[in-house]
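Engineer: sequence-free structure coming up:
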């Protein structure tokens with residue numbers, strides 16, 4: 001006992017067994033004789049050492065230990081289901097999940113009391129400097145996650161007491177038990193059922209509209225309804241304006257170019273009553289002696305025949321149009337219709353789709369390494385080291401794709417609005433300005449709120465597994481619950497401390513797009529009366545954005561660490577319109593250029609070649625210009641040059657995209673225009689907005705549904721990318737039929753747009 005007392009006197013910070021080996025405890029342990037040593041140890045642990053465990057959990061745990069000692073199969077499975085120290089600890093494998101399925105199969109057959117297995121997760125603090133994974137951004141306070149199988153009557157407090165005692169027993173007293181979470185008998189709340197009810201109601205309406213449309217088509221094709229009579233007896237007071245009075249509703253649905261980066265709609269500049277439409281249908285004229293400049297690019301697209309266009313005339317009443325506008329048949333025809341007039345800016349479809357796939361590529365790597373709750377990869381450090389490779393810059397700098405969307409939105413908005421004003425000879429009046437803002441909001445918000453609602457109140461109940469938690473999935477869910485109103489108002493990127501942009505953080509783009517849209521009329525009005533004054537104003541805005549962005553960025557820049565810097569600048573820099581407005585301003589400038597040069601522009605070959613060379617060099621420098629901060633052994637970039645790179649590339653990238661669009665539309669795109677104008681892009685381009693809204697949710701669901709951690713390699717992530725890409729567009733098509741396309745059709749019909 002003197003030895004034990006000596007060990008105890010050395011201090012509680014030492015890792016020794018003196019905590020349990022006191023004189024009274026040793027006497028109890030050996031008091032019954034050596035043949036009862038195991039039973040006495042069990043009795044001692046639960047009655048003297050672990051006093052914070054509830055009686056029912058204590059009884060079930062004692063049954064488990066007795067059965068384990070007796071070699072009963074269910075007890076062996078329960079023990080086997082608990083996590084054990086795995087491989088790859090120094091590659092970041094600090095999430096030991098155990099076997100969730102096997103734990104749920106456990107049943108203590110024949111024992112008293114009987115119980116089943118319940119999966120729990122214990123988070124244990126890791127001392128600083130022990131594991132290299134704590135050097136990764138976001139993992140400064142990394143915890144060891146351990147999956148354990150316990151009797152179903154044990155509470156989280158009981159499990160925490162078990163874990164604490166187990167750590168003490170093996171002399172790891174310095175490791176804190178930070179949190180314990182166990183599965184419970186949880187049921188969906190009222191919010192879940194409300195959202196499900198709304199979704200079912202929408203699905204029923206779409207199904208009914210589809211049946212109506214199908215029956216209507218069958219009757220017309222069978223001759224029960226006379227086509228000519230149906231066409232001749234139109235109520236023109238409710239007619240949707242279009243280029244042809246006999247175009248079927250699918251043509252009126254959503255086709256054509258649009259004025260939002262992700263959206264692809266066919267709504268003209270103004271309705272018949274003079275109100276401006278949100279998505280506009282004008283096309284920049286691109287003619288040379290009356291010949292369309294995009295004729296070669298359009299050759300791959302099979303235009304619809306006149307007979308097909310006349311096949312199913314649109315309904316003649318507003319109610320009929322509304323019903324058919326919700327039909328899955330009509331909207332599916334619209335999605336897969338590749339028709340575009342020869343004067344359309346055909347390259348925009350390709351740019352839109354490629355930019356969306358680029359965003360998805362970057363997010364595959366981002367969400368695979370998600371660490372909002374815990375590590376989801378077995379070898380997170382290996383994946384982190386991929387950034388040191390040269391080709392990784394195409395993934396890391398996928399953020400430029402968002403600038404492309406800003407550019408396209410501003411270009412089309414300016415061109416179509418200026419074209420409308422020139423035709424009418426005046427700017428909008430109060431009524432038109434109201435529709436300018438309201439219809440834009442109405443166009444983008446329904447799909448956004450649908451995704452937010454499903455993500456927040458439905459997704460938590462669709463999965464299970466060792467990584468899934470109904471209470472804590474999706475990550476930062478409480479922000480979506482508390483700031484749902486901010487998403488509806490498109491101001492969630494301005495909630496203080498960034499808490500409004502953490503739940504669905506990537507939707508900052510949607511808020512920025514509307515905010516930049518909201519200030520654009522000031523510039524366009526000045527541009528209509530004095531182009532020079534408007535360009536001076538835009539130049540001032542760009543300079544102010546450069547100064548503000550540069551000041552914020554340099555203050556938060558972490559030397560040589562672009563990824564950590566991005567995390568630090570997210571709230572104050574990355575998601576704010578005053579630092580993201582540069583490509584929008586350049587888009588406005590190009591929109592005005594398209595408006596003023598609707599005919600053929602003749603350029604010498606040397607200028608065309610020079611333009612493509614400069615655009616190519618500029619785009620490549622944007623993507624690979626900061627590689628020194630990632631390449632191993634390379635000299636890191638100081639604060640000033642990296643700040644200049646970060647803010648000036650916003651200008652350079654937008655100018656490069658501007659040249660591509662301009663050259664392709666004016667007939668100087670060559671093979672680039674043919675590739676970007678490929679008709680196969682057309683259907684996908686109509687789904688890019690919803691694809692953008694849903695793809696991170698799909699990735700999170702996939703990662704958190706795993707029953708074991710993924711050992712990620714480059715080929716693994718590439719396969720994940722293509723899987724996510726296909727799944728995203730399939731689900732985007734379904735949600736488009738359910739929400740986006742019907743809402744856009746209803747908007748145009750009710751507000752007399754065409």
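Structural biologist: Arrived safely, thanks for sending. Only a predicted model underlies this, so the values are computations on that prediction, with no experimental measurement involved. Residues are numbered from 1 along each chain as shown.
Engineer: Show me what the helix or strand harbouring residue 66 packs onto, helices and strands only.
Structural biologist: Taking DSSP states H and E as the criterion, the element that holds residue 66 is helix 55-69. Judged by 3 or more Cβ pairs under 8 Å, 6 or more residues apart in numbering; DSSP states H and E, helix 55-69 is in contact with helix 37-44, helix 73-81, strand 143-151. To be clear about C-beta, it is placed using only N, CA and C from the backbone, and glycine gets the same treatment.
Engineer: The ones you listed: lowest mean pLDDT?
Structural biologist: Of all those, the segment with the smallest mean pLDDT is helix 37-44, scoring a mean of 56.
Engineer: So residue 181 lies in a strand, does it not?
Structural biologist: Yes. The secondary structure assignment for residue 181 places it in a strand, going by DSSP: H, G, I helix; E, B strand; the rest coil.
Engineer: Verify the contact between residue 336 and residue 683 for me.
Structural biologist: Yes. Residue 336 is in contact with residue 683 according to Cβ atoms under 8 Å; the separation is 5.1 Å.
Engineer: Those two: which has the busier surroundings?
Structural biologist: The residue with more neighbours, out of residue 336 and residue 683, is residue 683; 19 against 12, by other Cβ atoms under 10 Å.
Engineer: mind listing what the nearest residue to residue 402 once chain neighbours are set aside touches?
Structural biologist: On the basis of Cβ to Cβ, 6 or more residues apart in numbering, the spatially nearest residue to residue 402 that is not a chain neighbour turns out to be residue 509, at 5.5 Å. If a contact means Cβ atoms under 8 Å, 6 or more residues apart in numbering, then residue 509 has 402, 405, 692 as its contacts.
Engineer: which of those residues lies closest to residue 154?
Structural biologist: The closest of the contacts of residue 509 to residue 154 turns out to be residue 692 (Cβ to Cβ; 43.9 Å).
Engineer: where does the stretch 101-250 of the chain dip in pLDDT?
Structural biologist: Of all residues in the stretch 101-250 of the chain, those with pLDDT under 70 make up the ranges 134-135, 138-140, 223-250.
Engineer: where along the stretch 601-750 of the chain do the helices fall?
Structural biologist: Per DSSP state H, counting those that start in this stretch, the stretch 601-750 of the chain has helices spanning 605-624, 639-665, 671-676, 681-685, 688-704, 714-735, 741-750. These are given in chain order.
Engineer: Check whether residue 179 really touches residue 125, as I assumed.
Structural biologist: No. Taking contact to mean Cβ under 8 Å, the distance of 9.7 Å between residue 179 and residue 125 leaves them out of contact.
Engineer: residues shared between the contacts of the two?
Structural biologist: residue 143.
Engineer: Run through the strands of the stretch 101-250 of the chain in chain order.
Structural biologist: Along the stretch 101-250 of the chain, counting by DSSP state E, counting those that start in this stretch, strands occupy 117-125, 143-151, 177-182.
Engineer: Each with direction, which strands does the shortest one pair with?
Structural biologist: This means strand 177-182. Strand pairing for strand 177-182, using DSSP bridges, gives strand 117-125 (antiparallel).
Engineer: what's the angle from the partner strand to helix 73-81?
Structural biologist: Relative orientation of strand 117-125 with respect to helix 73-81: 30 degrees, computed using axes from the mean of the first three to the mean of the last three Cα atoms, to 10 degrees.
Engineer: Same question for stretch 519-532: list its buried residues.
Structural biologist: For stretch 519-532, the neighbour count (16 or more other Cβ atoms under 10 Å) marks 520-521, 523-524, 526-528 as buried.
Engineer: Lovely, talk soon.
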